[in-house]
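[1] build me a structure from this.
(one chain, ligands or ions: 1)
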Amino acid sequence: MDTAISLLRVSKCFRAGKTRHKKQQTQALDNVTLKIGRGEIVALLGANGAGKSTLIDIMLGLTTPTSGQVEVFGVSPREAVLDTKVGAVLQNGGLLPDLKIQDTIELIASTYSNPLPVEEVLSRANLSEIRKRKVQACSGGEQQRLRFALALLGSPELLILDEPTAGMDPTARRHFWEQMQREAERGATILFATHYLREAEQFAHRALLLNHGELVADTPVAALLREYSSLDQAFSTLMKEPSCDSSF
Ligand SMILES: Nc1ncnc2c1ncn2[C@@H]1O[C@H](COP(=O)(O)OP(=O)(O)OP(=O)(O)O)[C@@H](O)[C@H]1O
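    Here you go, the predicted structure:
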């Protein structure tokens, strides 16, 4: 398998402050090992606080693991990002509130040597009609579409998406997944965290399930759907079995 992302025994512990008696720590990730091949579409699932965003931040080089090794296309996440191999949609931040949508896209496009045309990106993220709107005036779903537009600009080999459709209405979500399908067809590797299990069911080849920082399932979506009536049912069953087999 040609590997896009490789994690070996990755753990992340946050110091969450001190109580009167002891320092508090949160084990956000606990000994996570996985490989994602080029061209795979992988859903990252887990309850609030399970460690999904922490894992994504580590894959993007935004935070470093407390222990373990991470490689993206055989180099450090930071190198892969600097090499414009990775596009990301994060849950919040990353936008300048005073800039207009089109100006934001043009600004980021100017940092790439060979960006997609701004018009194409505006249209693919369904932003053409509101291109003159300031970011601060955009709704949550519109800002998320702008993050998506920015992620498309460099035609990245890997797209890492943290709850990419959060705040989008059903039409915007459908449009978003159609665009993702196009990205998948051109061979991009896609990893997305979501709470919308139907989206994972419809779009992902493989599901990773985190529970309190542990990878408790890493399995093809088709295999889960043979065993359970839906990902929803698989998710609730597996979450009740903390010692379930991660090779599944
Ligand atoms: N910077 C931080 N400092 C302290 N604790 C943190 C920090 N970032 C995350 N955590 C804790 O680590 C755990 C995992 O958080 P994370 O954001 O990765 O979860 P998540 O699965 O993305 O959750 P959600 O679905 O709510 O977005 C949580 O208990 C969270 O409170």
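[2] residues touching residue 42, list them.
    Going by CB atoms under 8 Å, 6 or more residues apart in numbering, residue 42 touches 36, 190, 191, 192, 204, 205, 206, 207, 208. Where you see a C-beta, it was placed from the backbone N, CA and C, and this is true even at glycine.
[3] which of the residues you listed are buried?
    Neighbour counting by 16 or more other CB atoms under 10 Å classes 36, 190, 191, 192, 204, 206, 207, 208 among the contacts of residue 42 as buried.
[4] residue 61: what secondary structure?
    Each residue gets one of three states, and residue 61 gets coil by DSSP: H, G, I helix; E, B strand; the rest coil.
[5] identify the residues contacting the nearest residue to residue 205 once chain neighbours are set aside.
    Distances taken as CB to CB, 6 or more residues apart in numbering put residue 41 closest to residue 205, at 5.0 Å, once the chain neighbours are dropped. Residues in contact with residue 41, defined by CB under 8 Å, 6+ apart, are 184, 189, 190, 203, 204, 205, 206.
[6] would you mark the buried spots in stretch 173-184?
    For stretch 173-184, by 16+ other CB under 10 Å, it's 173, 175, 176, 177, 179, 180, 183, 184.
[7] the first one contacts residue 165, correct?
    Yes. In terms of CB atoms under 8 Å, residue 173 counts as a neighbour of residue 165; the distance is 4.5 Å.
[8] pull up the overlap in contacts between those two.
    By CB under 8 Å, 6+ apart, the residues touching both residue 173 and residue 165 are 196, 199.
[9] hmm, back to that, show me what the residue nearest to residue 205 is bridged to.
    Legend: beta-bridge partners of residue 41 under DSSP bridges are residue 190.
[10] state the distance from it to the ligand.
    19 Å (CB to the nearest ligand atom, to the nearest Å).
[11] pull the distance from the worst-scoring helix or strand of the chain on mean pLDDT to the chain's centre.
    Least confident element among the helices and strands of the chain, by mean pLDDT, DSSP states H and E: helix 231-239 (a mean of 84). Here helix 231-239 is found 20 Å from its chain centre; the criterion is CA atoms, centre = their mean, to the nearest Å.
[12] can I get that helix in PDB, CA atoms only?
    Extracted C-alpha coordinates of helix 231-239, given in PDB (Å, rounded to 0.1, in the frame of the first residue of the first chain):
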ATOM      1  CA  LEU A 231     -23.300   2.900  11.200                       C
ATOM      2  CA  ASP A 232     -25.400   4.400  13.900                       C
ATOM      3  CA  GLN A 233     -26.100   1.000  15.400                       C
ATOM      4  CA  ALA A 234     -22.400  -0.100  14.900                       C
ATOM      5  CA  PHE A 235     -21.300   3.100  16.700                       C
ATOM      6  CA  SER A 236     -23.500   2.700  19.700                       C
ATOM      7  CA  THR A 237     -22.700  -1.000  20.100                       C
ATOM      8  CA  LEU A 238     -18.900  -0.500  19.700                       C
ATOM      9  CA  MET A 239     -18.900   2.400  22.200                       C
END
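[13] show me what it is packed against.
    Here helix 231-239 touches helix 197-203, strand 206-211, strand 214-220, helix 221-227, going by 3 or more CB pairs under 8 Å, 6 or more residues apart in numbering; DSSP states H and E.
[14] would you mark the buried spots in it?
    231, 234, 235, 238, 239.
[15] identify the farthest-apart pair in those residues.
    Spatially, the most separated pair among these is 231 and 239, at 11.8 Å (CB to CB).
[16] export the contacts of residue 41 to a markdown table and tack on distance to residue 107 and pLDDT?
    Output for the contacts of residue 41, formatted as a markdown table (distance: CB to CB, whole Å; pLDDT from 0 to 100):
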| residue | distance to residue 107 | pLDDT |
| --- | --- | --- |
| 184 | 28 | 90 |
| 189 | 26 | 96 |
| 190 | 25 | 96 |
| 203 | 30 | 93 |
| 204 | 32 | 95 |
| 205 | 35 | 93 |
| 206 | 35 | 95 |
